[in-house]
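**Student:** generate a structure from the sequence data that follows.
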Amino acid sequence: MASRAAEQREEARQSAARLEAEGVRNVALTWVDNAGVARVKTVPAQRLPEAAARGVGMSPVFDVFTSDDTITESDHLGGPDGDLRLFPALDRLTALAGQPGWAWAPADRYDQLGAPHPACQRQFARRMTERAAAAGLELRMGFETEWIVTRAPEGHHPAAADAYETLDYPCAGPAYGMTRVVELSDYLRDVTAALTVQGIEVLQLHPEYAPGQFEVTTAPGDPVRAADDVVLVRETVRAISARHGLRASFAPSFVAGQVGNGCHLHLGLYRDGTSLHRTPEAAWGLAPDAVSFLGGVLNALPALLAIGCPSPASYLRLQPSRWAGVYQCWGVENREAALRLITGAPDDPDGGHAEVKTFDAAANPYLAVGAVIAAGLHGIECATQLPEPQTGDPGVLGVRERARRGIVRLPATLTEATDRLEKSAPLYEAMGGVLHGAVLAVRRAEEAHFAGSEAEEIAAATRWRW
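**Tutor:** Numbering: from 1, shown residues only. Model prediction:
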């Protein structure tokens with residue numbers, strides 16, 4: 001333990017010297033709570049060696065914070081007692097292009113004796129990645145990040161506004177239109193440049209459907225890196241927006257009744273470096289383990305919604321015929337299916353993969369990747385099979401036709417999704433009682449907080465929380 005601390009201190013000392021030579025004076029250490037909010041402790045760059053060796057103190061109560069900063073409690077967590085240590089992931093230490101003088105690193109959480117904190121979401125994602133590796137599987141994951149941008153008001157920026165907040169969009173071009181790129185070309189150029197400087201490979205950036213909405217897709221990586229990346233992407237977009245006099249929102253429902261922000265999760269399965277989505281002669285090109293993994297994810301989607309769609313605002317976004325994937329079905333290149341199989345170009349060995357369309361950016365990305373892996377591995381253990389793929393929009397089918405095809409609606413409320421998570425034995429086993437219980441407690445508190453609220457009130461209250 002002592003030698004490891006000394007190694008960490010020396011590595012951090014070298015990193016701190018490099019950062020200070022680049023003009024970095026402060027380092028933000030982030031973790032994401034169970035409500036999907038990125039929380040932070042910061043240290044001066046010269047204190048990074050001490051932080052790497054000894055950690056930075058923080059309370060375990062943050063595991064039961066809700067999105068509006070209310071504190072609830074679970075059977076294991078809550079109240080003023082206890083302390084944890086944040087240890088920066090030095091391999092992800094990044095100078096922030098949008099915040100000159102600052103660097104960032106995600107943090108793992110341990111207790112004061114050096115044992116992993118059982119509710120640390122980042123370590124949960126790592127455990128599930130390692131569990132997959134023990135089964136001979138490599139997962140490559142990536143997120144699409146959608147956000148809506150408005151002009152920032154003069155003076156104070158409220159954490160939340162009422163339903164009658166004036167929203168001043170900086171662009172007027174149509175959905176997916178080049179006009180929006182022209183109107184905000186300097187801003188979008190700076191977003192791409194900042195991400196690239198920070199080591200994030202941008203695959204594409206384009207206008208989206210809602211007013212002021214954009215999407216950036218970044219390259220896949222291992223699951224923990226993918227979750228780290230999406231945290232860095234969001235905070236970079238937020239920082240560049242501020243430097244342009246804009247505000248960025250990643251909230252699942254920005255304006256009630258309009259298309260919201262998703263954060264779709266893409267995943268590819270590999271064994272010995274070979275894609276399991278490129279199996280000759282197999283149905284849909286999927287190797288048997290890929291079929292079972294995706295079948296496990298599809299079966300677990302009702303419970304996974306409590307992970308990937310964690311706010312009452314999430315269910316304002318999850319509406320039929322909006323490409324949000326509200327029915328429990330899968331399809332080949334079907335953007336209305338909750339689980340979309342992407343075939344890719346035939347000559348691209350890495351082109352085939354799957355997309356979970358339901359998730360949004362209120363989700364903790366570490367929980368999201370870990371829970372999806374757990375569900376998929378359970379599918380392999382049970383030799384789960386995929387049903388027939390669906391074509392077209394299930395939302396336009398009659399109730400009887402959907403029933404005939406075996407298509408059911410995914411949970412339409414956070415309460416229903418949380419009930420399904422509570423009953424999910426595979427996810428309980430994977431997450432452990434402490435983490436599972438904390439997530440349930442936060443979801444129940446969010447439900448209670450917004451009980452009886454109108455859609456417009458929910459959207460307004462959560463608009464600037466993510």
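**Student:** and the residue nearest to the spatial centre of the chain, what pLDDT?
**Tutor:** By C-alpha atoms, centre = their mean, the mean C-alpha position of the chain lies nearest to residue 365, the distance being 3.0 Å. As predicted, residue 365 sits at a pLDDT of 98.
**Student:** tell me the contacts of residue 437?
**Tutor:** 74-77 (C-beta atoms under 8 Å, 6 or more residues apart in numbering). For the C-beta atoms, the positions are set from N, CA and C on the backbone; glycine is no exception.
**Student:** which of these are buried?
**Tutor:** With burial judged by 16 or more other C-beta atoms under 10 Å, the buried subset of those is 74, 76-77.
**Student:** wait, which of these is closest to residue 332?
**Tutor:** residue 74 (40.7 Å; C-beta to C-beta).
**Student:** that closest one against residue 440, yeah?
**Tutor:** Yes - when contacts are counted by C-beta atoms under 8 Å, residue 74 is listed as touching residue 440 (7.1 Å).
**Student:** so where's the chain uncertain?
**Tutor:** Applying pLDDT under 70 to the chain picks out residues 1-2, 155-163.
**Student:** mind listing the helices for it?
**Tutor:** Here the chain has its helices, by DSSP state H, at 2-21, 48-54, 121-134, 178-183, 185-197, 223-243, 288-308, 314-317, 365-381, 399-405, 414-422, 425-431, 433-449, 455-462.
**Student:** buried ones in stretch 436-450, by neighbour count?
**Tutor:** 436-447, 449-450.
**Student:** for stretch 4-13, same thing?
**Tutor:** 8-9, 11-13.
**Student:** and if you look at stretch 103-115?
**Tutor:** Those would be 103-111, for stretch 103-115 by 16+ other C-beta under 10 Å.
**Student:** contacts for it, please.
**Tutor:** By C-beta under 8 Å, 6+ apart, stretch 103-115 touches 1, 19, 24, 26-31, 41, 45, 55-56, 58, 83-90, 92-96, 116-117, 119-120, 122-123, 228, 231-232, 235.
**Student:** next: stretch 73-80.
**Tutor:** So stretch 73-80 is contacted by 59-61, 63-64, 71-72, 118-119, 433-434, 437-438, 440-441 (C-beta under 8 Å, 6+ apart).
**Student:** ends of that stretch, how far apart?
**Tutor:** Terminal residues of stretch 73-80 lie 11 Å apart, using C-alpha to C-alpha, to the nearest Å.
**Student:** report the distance from it to the chain centre.
**Tutor:** With C-alpha atoms, centre = their mean, to the nearest Å as the basis, stretch 73-80 stands 24 Å off its chain's centre.
**Student:** next one: stretch 173-190
**Tutor:** Its chain's C-alpha centre and that of stretch 173-190 lie 25 Å apart, by C-alpha atoms, centre = their mean.
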